[in-house]
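Enquirer: Would you be able to build a 3D model of this:
(one chain, ligands or ions: 1)
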Amino acid sequence: MAYVDEVIDLVVKKNPGEPEFHQAVKEVLESLRPVIEAHEDVYRKEALLEQLVEPERQIKFRVPWVDDKGQVQVNTGYRVQFNSAIGPYKGGLRFHPSVYIGIIKFLSFEQIFKNSLTGLPIGGGKGGSDFDPKGKSDREIMAFCKSFMTELCKYIGADTDVPAGDIGVGGREIGYMFGQYKRIRGTFEGCLTGKGLDFGGSLVRTEATGYGLLYLTAEMLRHNGHDLKGKTVVVSGSGNVATYAIEKAHQLGAKVVTASDSNGWVYDPEGIDLAALKEIKEVNRQRLTEYKKYRPNSEYHEGRGVWSVKCDVALPCATQNELNLEDAKMLVANGCIAVAEGANMPTTLDATKYLQENGVLFAPGKAANAGGVATSALEMSQNSERLSWSFEEVDQQLQRIMTNIFQKVADAADRYGMSGDYVAGANIAGFEKVANAMLAQGV
Ligand code: NDP
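Expert: Model (predicted):
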């Protein structure tokens, strides 16, 4: 049996009931086949793949907190510190009721290769909780965040593990958690990124994932003889990534016509009104049903459906497995030329395959959404030197990083005779650096 297949079987057997983690491992290892086969003797002897798929550490903890009625609630907290071969663990915290160890492991595994691709010295980690922030008061959010950090602070630090935001964790939550870390540990250090600008945050971090997604998409289109300008774009989600993806797409001359949340989606043929979207989501924390009040000519639909809208470019920016085979078929039938993943693993494996086989340019999340973590690493640099860089300086670095990522990904695909397969390219380029570092550091 091929080494890759042996390790995939091992992962399924050793991690029962964790389909998202199996999916992420399969996707990465399948596309690494040619690299693994070229170095099989060394990798087998060192059990490199077995080491790669086993987290260095998994932390699971109780998070008790008191709600507004005086009732004690109990949630579960997680931090998976997957791989520190090239730097301290780095990766976001997700607060969502769907969170369990399998989700955190898949995200953390993906993060290893994404972080490697940025070219910056950061290892892979991820964490979160099954806490549902929806409908909670500000005080309840604070109570939860403080309790979560009371335990997590034992395991993180500026040189150990530096979490950031993800679904359900934005500037407000990072602020509460930073305050608790400082209080318990007694040190003001860059233990989290995505901090407020008044206490060590970096300009552009809020915008970075969405902006970076568009920089990479524009580069991928340019490389293949297209121009983003004038293109019609569909976006899913209406959170941090989606909002700033829409903003940058408009700045680069494209028109975004959709946005969604977990209840439904809007179609605005004249282009999404970003000011309205920000007011609804960032200021009032409301649902997308409100959008029609700002834009009477737009349509609101319950449920899923953004991928049925005719477009040139599709940007899934909500959550995992939100673009399936049926959706991929609609995109191809409607003439879509490019899909770039703002979210982590939003496209199912069969949908990805279908898109690639039908000539759609496909940028996987670990390359396309790496701008967030890259800018987090720039925040770490600024914290270390106790300086703050200007918006332009950080934005220019972000653009340079995203362009480099695309180059690395395209080159790695070319080297292994898979030109244009950016899934393989991203996995190979991300893997090579981590594998070399692991081998150099020994068992
Ligand atoms: P937010 O919480 O800000 O926004 C998430 C958006 O997706 C919301 O519109 C939410 O709708 C929607 N959503 C969440 N879960 C579901 C679901 N199960 N079904 C349908 N819609 C859903 O998160 P982010 O924008 O930060 O993250 C979005 C994606 O991008 C995630 O996959 C994340 O891992 C990835 N990512 C984020 C980075 C960052 O810097 N923030 C960096 C790299 C990747 P609702 O409000 O109704 O829940």
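
Enquirer: Okay, and Phe148 sits in which element?
Expert: Under the assignment given by DSSP states H and E, the secondary-structure element containing Phe148 is helix 138-152.

Enquirer: Quick check: what element follows that helix along the chain?
Expert: On the C-terminal side of helix 138-152, the closest following helix or strand by DSSP H and E is strand 161-164.

Enquirer: neighbouring contacts of that following strand?
Expert: Contact with strand 161-164 is made by 79, 81, 88-93, 122, 125, 127, 152, 155-156, 174, 190-194, 372-373, 376, 380, as judged by CB atoms under 8 Å, 6 or more residues apart in numbering. The C-beta positions use only the backbone N, C-alpha and C, and glycine is treated the same way.

Enquirer: give me the number of residues near Ala276?
Expert: A count of nearby residues for Ala276, using other CB atoms under 10 Å, gives 18.

Enquirer: okay, it: pLDDT?
Expert: You'll see Ala276 listed with a pLDDT of 98.

Enquirer: Could you list the contact residues of the stretch 101-250 of the chain toward the ligand?
Expert: In this structure, the stretch 101-250 of the chain approaches the ligand at residues 165-168, 209, 237-242, judged by CB under 6 Å from any ligand atom.

Enquirer: again, only this time at 8 Å
Expert: Applying the criterion CB under 8 Å from any ligand atom, the portion of the stretch 101-250 of the chain that neighbours the ligand consists of 107, 114, 134, 164-170, 194, 205, 208-209, 236-243.

Enquirer: PyMOL command for the buried members of the residues you listed?
Expert: Buried subset of those, written as a PyMOL selection, criterion 16 or more other CB atoms under 10 Å:
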select buried, resi 107+114+164+165+166+167+168+169+170+194+205+208+209+236+237+238+239+240+241+242+243
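
Enquirer: ok, longest strand in this protein?
Expert: strand 72-83 (DSSP state E).

Enquirer: what does the average pLDDT come to for that strand?
Expert: The average pLDDT within strand 72-83 is 98.

Enquirer: Backbone torsions only: list them for Lys134.
Expert: Backbone torsions for Lys134, taken as degrees, to the nearest 10, come to phi -60, psi 130.

Enquirer: now the helices for the stretch 301-443 of the chain?
Expert: Under the criterion DSSP state H, counting those that start in this stretch, the stretch 301-443 of the chain carries helices at the ranges 325-333, 349-357, 365-368, 371-385, 391-415, 422-441.

Enquirer: is the last one anywhere near the ligand?
Expert: No: Helix 422-441 stays out of contact with the ligand when judged by CB under 8 Å from any ligand atom, the minimum separation being 13.8 Å.

Enquirer: Could you check that helix and say which residues are buried?
Expert: Along helix 422-441, the positions that meet the burial threshold by neighbour count (16+ other CB under 10 Å) are 422-435, 437-439.

Enquirer: What of the fifth one?
Expert: For helix 391-415, burial by neighbour count (16+ other CB under 10 Å) applies to 394-395, 397-399, 401-402, 405-406, 408-410, 412-413.

Enquirer: can you give me the helices in the stretch 51-200 of the chain?
Expert: Listed from the start of the chain, the stretch 51-200 of the chain has helices (DSSP H, counting those that start in this stretch) covering 101-117, 138-152, 171-185.

Enquirer: that older thread, return the member of the buried residues of helix 391-415 nearest to Gly225.
Expert: The nearest member of the buried residues of helix 391-415 to Gly225, counting by CB to CB, is Ala410 at 13.6 Å.

Enquirer: OK, contacts around that closest one?
Expert: Listed by CB under 8 Å, 6+ apart, the contact set of Ala410 reads 223, 419, 422, 425.

Enquirer: Max pairwise distance over these: which two?
Expert: Largest separation among the contacts of Ala410 by CB to CB: His223 and Gly425, giving 11.7 Å.

Enquirer: which residue packs closest to the most centrally placed residue in the chain, ignoring adjacent ones?
Expert: A centroid search over the chain (CA atoms, centre = their mean) returns Asn344, at 4.5 Å, as the residue closest to the centre. The shortest distance from Asn344 to any non-neighbouring residue, by CB to CB, 6 or more residues apart in numbering, is to Gly365 (5.0 Å).

Enquirer: contacting residues for that neighbour?
Expert: 110, 114, 341-346.

Enquirer: let's go with 10 Å and repeat that
Expert: For Gly365, the residues meeting the contact criterion (CB atoms under 10 Å, 6 or more residues apart in numbering) are 110, 114, 209, 213, 241, 316-317, 320, 340-347, 423, 426.

Enquirer: same thing with Val12?
Expert: 18-19, 21-22, 25-26.

Enquirer: switch to 8 Å and redo it
Expert: Residues touching Val12, when contacts are defined by CB under 8 Å, 6+ apart, comprise His22.

Enquirer: and the gap between it and Arg44?
Expert: Plainly put, Val12 is 19 Å away from Arg44 if you go by CB to CB, to the nearest Å.

Enquirer: can you pull the pLDDT of Phe113?
Expert: Per the predicted model, pLDDT is 97 at Phe113.

Enquirer: Quick check: it touching Ala370?
Expert: No: applying CB atoms under 8 Å, one finds Phe113 not in contact with Ala370, separated by 9.5 Å.

Enquirer: Which one's more surrounded, the two?
Expert: Neighbours of Phe113 and Ala370, each counted by other CB under 10 Å, are more numerous for Ala370; the result is 31 against 27.
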